[in-house]
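1. What follows is a predicted structure for the sequence shown.
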Amino acid sequence: MTALPVLHRLLFVLNPISGDIDKSSLEATVEAFCAERGRRAEFFHTSGEDDLNKLRNHLRQHQPGYDAVFAAGGDGTVSLVASALVEADIPLGILPLGSGNGLSKDLGIPQEQEAALRLVWEHQVRAIDTLQVGNTFCAHLADLGFNALVVERFCSGDTRGPAAYVRIAMQEYLSYEPAHYRIVTDRETYEGAAFMVTVANANTFGSNVVINPDSRLDDGEFEICLIEPFPGTAALGILYQLYTEDFDASIYTKRLRCRQATIDVPGQRQVLLQIDGEPLEMPTPVQVTIQPQSLRVLLPPLA
Ligand SMILES: Nc1ncnc2c1ncn2[C@@H]1O[C@H](COP(=O)(O)OP(=O)(O)OP(=O)(O)O)[C@@H](O)[C@H]1O
């Protein structure tokens, strides 16, 4: 960890819809908070359309640049901002204002707004790994298989929150057929059916479910966590655990630790993934690589 010079000029990237949270007074609150401490706050509002290119252009046009950029939203917003900052080499701050806020929880960032804002002037900086999944940046988690389908259904529906995930998972499970995967890493090969395949740079999944307890965000490695097919009698318990609590004890999980991997789904030219909570289709095989310590993040200071 290294100390950071004072952050004077800050950009806040606001997602107006994340977490179904009313943000009508957020801008004024942040502006006043920063002004009281001699910081200058500027704002960029996401639109849901081509935000990555718009943010990249904004960062290019505002030179000399920002001392830090805060993502004010959920995991999708954090991933968007992180993707732009990796190239610009600017530290990332997070105001967790989404439904899941997985990466901010893994990083120990306060979930309460005022405490998270304190990172503007009291912080330390840690460089964390990021992932490249196919042609897409990933800060936290990606997966193929069952959960990618659930995320896709969740994003196209109009109900949010953990209860909606559990409901969609139960509905989709009844007709779900696990796919066959061939996964070649720099250390081993796995071939077989899997219910889902999670590419994890971190520990938790969704809202607090520890899927990958041994990983660290700066160890230069990632894990592929497989849930192998399980009998119908175990389904209710497994799905409930997966979307609500600690999943690690399951006898149906397997982990491959690696630096790079190729994930193939033989017989399929395209595969559905979710990357940091956003569903998308990608050609197979999918290459996954780690970019060691490629993103600087603002964290609470050491006690
Ligand atoms: N102005 C906007 N109008 C509609 N959609 C938007 C807008 N800005 C961003 N989005 C969409 O918001 C989504 C990202 O939301 P985000 O992940 O930050 O919040 P969340 O889904 O509520 O939380 P979490 O991912 O933590 O569960 C993206 O799909 C993005 O396209």
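-> Nice, I can see it. As the structure is a prediction and not an experimental result, all values here were calculated from the model. Numbering: from 1, shown residues only.
2. Could I get the full set of strands for the stretch 201-303 of the chain?
-> Ranges of strands within the stretch 201-303 of the chain are 204-205, 209-210, 222-227, 253-258, 260-264, 270-275, 278-283, 286-299, based on DSSP state E, counting those that start in this stretch.
3. just so I know, which of those strands lies nearest the ligand?
-> Ranking these by proximity to the ligand (Cβ to the nearest ligand atom) places strand 278-283 first, at 5.5 Å. For the C-beta atoms, the positions are set from N, CA and C on the backbone; glycine is no exception.
4. show me the contacts for the residue of the chain at minimum distance from the ligand.
-> Using Cβ to the nearest ligand atom, the closest approach of the chain to the ligand is made by residue 74 at 2.1 Å. For residue 74, the contacting residues are 15, 18, 19, 96, 97, 98, 99, 100, 101, 277, by Cβ atoms under 8 Å, 6 or more residues apart in numbering.
5. give the contact list for the nearest residue to the second one once chain neighbours are set aside.
-> If you skip the residues right next to it in sequence, residue 18 has residue 73 as its closest partner in space, 3.8 Å away by Cβ to Cβ, 6 or more residues apart in numbering. With contacts taken as Cβ under 8 Å, 6+ apart, residue 73 has the following neighbours: 13, 14, 15, 18, 19, 46, 95, 97, 98.
6. Isn't the fourth one up against residue 95?
-> No - look at residue 18 against residue 95 with Cβ atoms under 8 Å: they stay out of range, at 10.1 Å.
7. can you list the residues of the stretch 101-250 of the chain near the ligand?
-> residue 101 (Cβ under 6 Å from any ligand atom).
8. Under the pLDDT cut-off, which ranges of the stretch 201-303 of the chain? List them.
-> Low-confidence segments of the stretch 201-303 of the chain, defined by pLDDT under 70: 203-215, 244-251.
9. Kindly report the domain assignment for the protein.
-> 9-122, 136-292 (automatic domain parsing).
10. wait, which of these is closest to residue 300?
-> Closest approach to residue 300 among the domains of the chain (Cβ to Cβ): domain 9-122, 6.4 Å.
11. What is the distance between the closest one and the centre of its chain?
-> Offset of domain 9-122 from its chain centre (Cα atoms, centre = their mean, to the nearest Å): 15 Å.
12. nearest spatial neighbour of residue 145, skipping sequence neighbours?
-> residue 196 (3.5 Å).
13. What is the neighbour count of that neighbour?
-> 22 (other Cβ atoms under 10 Å).
14. pLDDT score for it?
-> Listed pLDDT for residue 196 reads 93.
15. Also the one 3 residues further on?
-> You'll see residue 199 listed with a pLDDT of 94.
16. how about the nearest residue to it, chain neighbours excluded?
-> residue 142 is the one closest to residue 199 (Cβ to Cβ, 6+ apart), at 4.5 Å.
17. List the beta-bridge partners for that neighbour.
-> residue 199, residue 275 (DSSP bridges).
18. switch to numbering from 32
-> With 32 as the first residue, the last one maps to residue 173.
19. that older thread, so which of the domains of the chain gets nearest residue 333?
-> Going by Cβ to Cβ, the one of the domains of the chain nearest residue 333 is domain 40-153, 10.8 Å.
20. What mean pLDDT does that closest one get?
-> 93.
21. And it, end to end?
-> Distance across domain 40-153, first residue to last, is 15 Å (Cα to Cα, to the nearest Å).
22. Any idea how many residues pack against residue 98?
-> 18.
23. For the closest residue to it other than its chain neighbours, grab phi and psi.
-> Closest residue to residue 98 apart from its sequence neighbours, by Cβ to Cβ, 6+ apart: residue 38 at 4.0 Å. Main-chain dihedrals, residue 38, degrees, to the nearest 10: phi -90, psi 110.
24. Ok, the one 3 residues further on next?
-> Recorded main-chain torsions at residue 41 are phi -120, psi 140, according to degrees, to the nearest 10.
25. That one bridge partners, please.
-> Where residue 41 sits in a bridge, its partners, by DSSP bridges, are residue 72, residue 99.
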